[in-house]
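>>> Sharing a sequence plus its predicted fold:
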Amino acid sequence: MAAFARKRQKIFVAAIVASNPGEAASQVAAVQIAVDHVRYIGNLWTHASTAIEGNTLTLGETAFVLQEGLVISGKPLKDHEEVVGHARAIDLVYQLVENDTGLSQDRLFTLHKAVQTQHVIDVYIPDGAWKKEPNSTVMVVDDRQIVFEYAPPGDVPELMGQWFELYDSLLGSVASEDSSKALNAHVDLHVSFVRIHSFFNANGRLARLLANVPVLKAGLPPIIIPKTQQKTYIDALSAYHMVAGQALKEKELLPSPDALGPFVSFCKQAWGESLSLVEVVRKIQEKRDRKK
């Protein structure tokens with residue numbers, strides 16, 4: 001895990017060092033500052049994504065568990081396992097970016113296993129395998145509760161084949177520091193993955209991880225959905241899903257692209273915290289350089 005952590009630090013600090021050409025000592029200082037902030041971003045990403053799913057650990061408690069390897073008294077064991085699993089999954093995502101390897105079905109299954117908190121042997125709730133049973137969610141639209149059905153289990157292999165093609169295409173189109181393309185790639189991967197809901201559980205956490213691969217490849221910090229905006233996040237996803245309808249193998253993976261507007265706007269706004277963190281890192285280094 002430590003080796004993967006070093007890889008994600010290398011990716012994240014590359015843009016900061018590139019923007020600070022100069023003496024070697026100055027670059028070393030820039031890297032050290034960035035490494036500290038990379039740790040913070042990882043903690044924030046893990047806390048936010050797991051909290052949306054009901055994890056009770058605070059940001060401070062999440063950071064303590066990940067850095068010290070100790071537990072918080074009175075908090076459920078599953079919450080500790082959840083944040084450790086998510087942090088491990090982040091490392092695997094950074095490994096994908098660092099090695100520039102494609103995302104195969106086996107790699108996706110490995111990610112799914114990483115974010116699981118309880119490994120129960122149940123053929124109907126498989127770890128690291130496509131869902132066997134239908135799944136759905138209840139959406140509230142115009143103050144009415146509506147049951148939205150995700151993709152039928154039998155359609156998942158073909159739909160995910162289309163999703164992998166979309167992933168490869170979008171990953172190949174992103175350019176360094178191109179925030180517009182990175183944002184649109186994030187949105188397309190995010191909404192299509194959630195709409196399929198290819199696993200029995202953990203689909204949201206995986207969507208929020210995988211949709212950030214093109215963002216990270218562009219040398220930008222991840223888009224992190226804050227727990228405080230959970231309802232806005234769900235409402236924006238639901239609005240698109242209600243327009244697009246159930247994902248079926250004989251239909252388009254991303255129909256009605258015009259309906260993605262609200263989710264694009266939401267993700268752009270949510271991106272602010274991690275983007276501002278990069279700016280803080282740069283300003284700290286600029287201040288240090290001026291003192292020399």
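Nice, I can see it. Residues are numbered from 1 along each chain as shown.
>>> All the helices of the stretch 151-292 of the chain, residue numbers only.
Per DSSP state H, counting those that start in this stretch, the stretch 151-292 of the chain carries helices over the ranges 156-173, 179-196, 203-210, 213-217, 230-244, 261-270, 272-290.
>>> Next, the buried residues of the fifth one.
Okay, so that is helix 230-244. Buried residues in helix 230-244, counted by 16 or more other CB atoms under 10 Å: 233, 234, 235, 236, 237, 238, 239, 240, 241, 244. C-beta coordinates here come from the backbone N, C-alpha and C atoms, glycine included.
>>> Can you lay out those residues as TSV showing pLDDT and distance to residue 180?
Below are the buried residues of helix 230-244 laid out as TSV (pLDDT from 0 to 100; distance: CB to CB, whole Å):
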residue	pLDDT	distance to residue 180
233	97	21
234	94	25
235	93	24
236	95	19
237	95	21
238	93	25
239	93	22
240	95	19
241	95	24
244	96	22
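>>> okay if I get the residues you listed as TSV plus distance to residue 270?
Shown next, in TSV, are those (distance: CB to CB, whole Å):
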residue	distance to residue 270
233	8
234	13
235	13
236	10
237	12
238	16
239	16
240	16
241	18
244	21
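>>> Which two of the residues you listed have the greatest separation?
Within those, 233 and 244 form the most distant pair, 16.9 Å apart (CB to CB).
>>> and the gap between residue 227 and residue 266?
Shown here: residue 227 relative to residue 266, a distance of 14 Å by CB to CB, to the nearest Å.
>>> neighbour count winner among the two?
residue 266 (20 against 16; other CB atoms under 10 Å).
>>> Now do the residue nearest to residue 160 when sequence neighbours are not counted: how many residues are near it, please.
Leaving out its chain neighbours, the residue that sits closest to residue 160 by CB to CB, 6 or more residues apart in numbering is residue 198, at 5.4 Å. Residue 198 is flanked by 25 other residues according to other CB under 10 Å.
>>> my guess is residue 198 meets residue 162, correct?
No. Counting by CB atoms under 8 Å, residue 198 stays clear of residue 162, with 11.4 Å between them.
>>> and the nearest residue to residue 202 once chain neighbours are set aside, what does it touch?
Once flanking residues are discounted, residue 202 sits nearest to residue 115: 4.9 Å by CB to CB, 6+ apart. The contact partners of residue 115, by CB atoms under 8 Å, 6 or more residues apart in numbering, come to 82, 85, 86, 89, 202, 205, 206, 209.
>>> Dihedrals phi and psi, residue 115?
When read as degrees, to the nearest 10, the backbone of residue 115 gives phi -90, psi 0.
>>> and it, how far is that from residue 90?
Per CB to CB, residue 115 is found 10 Å from residue 90.
>>> list the residues that contact both of these two?
Contact with both residue 115 and residue 90 is made by residues residue 209, according to CB under 8 Å, 6+ apart.
>>> can you count the residues close to residue 201?
Using other CB under 10 Å, residue 201 has 18 neighbouring residues.
>>> On the three-state scheme, the residue nearest to it when sequence neighbours are not counted is what?
Nearest in space to residue 201, with sequence neighbours left out and distances taken as CB to CB, 6+ apart, is residue 125 at 7.3 Å. Put simply, residue 125 is coil when judged by DSSP: H, G, I helix; E, B strand; the rest coil.
>>> my read: residue 125 touches residue 135, true?
No. Judged on CB under 8 Å, residue 125 makes no contact with residue 135 at a distance of 10.4 Å.
>>> what sits against the residue nearest to residue 201?
Here residue 125 is in contact with 132, 200, 201 (CB under 8 Å, 6+ apart).
>>> any idea how far residue 214 is from the last one?
When distance is defined by CB to CB, residue 201 is 25 Å away from residue 214.
>>> residue contacts, residue 222?
Residue 222 makes contact with 41, 45, 212, 215, 216, 274 under the criterion CB under 8 Å, 6+ apart.
>>> What is the neighbour count of the residue nearest to it when sequence neighbours are not counted?
Spatially, and ignoring its direct neighbours in sequence, residue 222 is nearest to residue 212 (4.2 Å; CB to CB, 6+ apart). The tally of other residues near residue 212 (other CB under 10 Å) stands at 26.
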